[in-house]
Structure formats: C-alpha cells, structure tokens
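1. My questions concern the predicted model and sequence given below.
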Amino acid sequence: MNDSIVGFIGFGLIGGSLAHALREQNPKQKLIAYHYNKEKLNNGLSAALSEGVLSDVVYDLEELKDCELLFLCAPVLSNIAYLASIRNIVKPECIITDVGSVKGNICAEAVRLNMGHQFIGGHPMAGSEKTGYANSSSLLLENAYYILTPTADTSESVKTALFELIKSLGSIPLFLKPDEHDDITAAISHVPHIIASGLVNTVKAADKEDKMKLLAAGGFKDITRIASSSPVMWQNICLTNTDSILHFLESYITSLEDIKTALLEQKETDIFDFFKEAGDYRDSIPGSSHGLLNKVYDLYLDIMDETGAIATIATLLATNQISLKNIGIIHNREFEQGVLRIEFYSQNSCDMASVLLRRHNYIVYER
C-alpha cells in the first residue's frame, strides 16, 4: 500500500498516530483527512498539515473516492453513520476500517449496507486519557496489540492486506470475532471506566469541604485515573456495547453485594478470600504491580522499536549504578502512556532514573 491514497475521517490521538506511522514508513505517501467544517479547521489538522504528516485536508466526502484505504477515527456512533455516507463514494476495492472500542455494531452495519466484503473492524490497544492530535505519536502503536475483527463477508485479501500493514507499522495484529472482542473489552476496559467514574462521583458527592480531594493519594488516583477520559467517547461506547457492558456490570454488582454481605455478617473467611483471589489473579497479569501494601517504584517511557533499544537503556542505568528490578514492553496500552515499563527497588532509584533518562532525551511518564 506504499503508493496508495490513505484517508482519515476523524483525526485525533489514534488517527494522528496512524498517520505518523504511515508517514515515517513512506514519506511520499498521500495521506488525506476529511473535515466537516471548511470555515473552522481545528488545531490538530492545521498542525498535521504544517508538519507534513498530512498531505491535504478535504471538506467533501467525495474527495475520498480515490482512497485505497480509509480509517474511520471518529467516535463510535459517528463511524457507524459515516459508513452509509461513504457507501456510494468509495471504490469497491477500497479497504475500510475503524479504530473504535466497539466492533459488533459497526461490523453488522457494514454487512447490512453490503459493504462487509471491504470492511474490517480495527481496535489498536493503545492510547491515553490525553486526547487529540497533539498527543499522537507513531510510538503509540509500536508493540501494541491491534485487534482486527473481520465481518462474515470480509474478503481474504482485505484480511491479509490490513494484517500485513498493521504489522509493518510495528503493532501486533490479532484476529477476533466482533462479539468476542466486545465481551473482552467490556470486561477489561469499559466496565472499569464505569467503575472509576462511579467511584469519583461517589467521593465528589461526599467531599463537602474538599478534604478528600486534598488527601487523595496514590491508590485513589491510580484506580480513578481513567475517569479523566473523553466523556463523548465513553457515552458512545456505552450506547453501542450495552449488552456486554450490562453483563459484566451485573457480575460486578453481584460481587459487591457478596462482599457487602460478608462485611455485614463479619464473615472473616469470605472477606479474606475476596482479597486473596483478586490479588492472585491481578499478580498473574504480565507487568502487574503488587497492590498498595507492596509499594511499586516504576516509570514508563517511549522508545523506538529498534535493535538494542532496551539494552541501551539498561546499560545507561547500570553505568550510573541504578539497579533494575524489572523491565518490559507493554503490549496493551489503552489509556496508558509509555511503551516501556521499568521497575526499581526504591523511590530514590526511580527518581534518579527519571532525571537521567530525560537528560538523554527520552520521554518519561511517571504515575
């Protein structure tokens, strides 16, 4: 696809990161983005044009007619609506994909519109609570899982082409069925966002004198960080993945009722098991920290996906007498920042590493 025209409808954090990666792969490729308002070009599109990441911005969907690949990067409900709008514009051989967090609805709509053969759902498992093109980077996609959800009609050539493209951009493509994807993301992403927002709202309602806000420390901030994400995006997700979200939300409510009963009846064993089972499973997740009682000293940073990149960092830290406890790539980085996670034995080591790495021009994120 190196000589193809690639289009974008919606151009924020993910769209911008894809464009960065495509531009780095082929400086001469034509990348165009559609914008609905000719009178008001947003800052992200203006920046992308001035930086040479985008070749052009168009204001009529008809201008997308020559695209060989089209990314739908707007909110989920908008992406679904755009399918009907571009149905009679794009070429039959144009590959259409999206980057939304819900796949069942849009895949079903593509089939209903007889566009299933050229559509394949996409979901890069990378991102941040920080939104917009200004926070985009090709590094956001490197070594991150990128889920692909073909429709029942998606052609084999489309599956292969997008799989190979995503792989070439440095991501790790995985095929899932749309409903399987939606169940998984409801459990590990959508319901946690509801829980985080609900907890913040509960504390806000009780915090009459802002004392809770003043004293809020690591545990509360870590658990609720994702509540800062875009409310429009999460409204769209909840309205399109409702069944899966409700299923896991009901399971979570049952779990809360169980621990509530255990507390009311002072069931010591049940209370212990509640925390023990959760801790065991949490600690089995790759890259997990070990709870609030065992303090974790870590930082995150962006690195290029190139031979020796991790070894260079490890050597830099070692030559400065900074000991590492653990180091590794994070493959699922939704609402996370940083490609590489480094864990240390002490806060002092973590602080020293942060200063050292920044001095060597690494972009460092601290939780």
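-> Nice, thanks for sending it over. Residues are numbered from 1 along each chain as shown.

2. so how far is residue 270 from residue 15?
-> Using Cβ to Cβ, to the nearest Å, one gets 47 Å for the distance from residue 15 to residue 270. Glycine gets a C-beta too; all of them are placed from N, C-alpha and C.

3. cool, residue 282 as well?
-> According to Cβ to Cβ, residue 282 and residue 270 sit 19 Å apart.

4. swap in residue 85?
-> For residue 85, the distance to residue 270 - Cβ to Cβ - is 54 Å.

5. Ok, residue 42 next?
-> Distance from residue 42 to residue 270, by Cβ to Cβ: 53 Å.

6. first to last residue in stretch 126-136, what's the distance?
-> 11 Å (Cα to Cα, to the nearest Å).

7. Can you tell me the SS state at residue 192?
-> What DSSP: H, G, I helix; E, B strand; the rest coil gives for residue 192 is helix.

8. Excluding residues flanking it in the chain, which one is nearest it?
-> Leaving aside its chain neighbours, residue 192 sits nearest to residue 226 (6.8 Å; criterion: Cβ to Cβ, 6 or more residues apart in numbering).

9. from what I can see that neighbour touches residue 190, true?
-> No. Between residue 226 and residue 190 there is no contact under Cβ atoms under 8 Å: 10.6 Å.

10. Settle it for me: which of the two has more neighbours?
-> Per other Cβ atoms under 10 Å, whichever of residue 226 and residue 190 has more neighbours is residue 190, with 23 against 20.

11. Report back the residue of the protein that's furthest from centre.
-> Here the chain reaches farthest from its C-alpha mean at residue 265, the gap being 41.0 Å by Cα atoms, centre = their mean.

12. How much space separates that one from residue 271?
-> 10 Å.

13. ditto for residue 24
-> Going from residue 24 to residue 271 by Cβ to Cβ gives 52 Å.

14. Repeat that for residue 8.
-> 51 Å.

15. These two: who's more crowded?
-> Under the neighbour definition other Cβ under 10 Å, residue 8 and residue 271 were set side by side, and residue 8 has more, 30 against 14.

16. quick one: secondary structure of that one?
-> Under three-state DSSP, residue 8 falls in the strand class.

17. which helices and strands sit right next to the host helix or strand of residue 182?
-> Element membership of residue 182 [criterion: DSSP states H and E] is helix 178-185. Identification of packing neighbours for helix 178-185 by 3 or more Cβ pairs under 8 Å, 6 or more residues apart in numbering; DSSP states H and E yields helix 104-112, strand 119-124, strand 145-150, helix 242-264.
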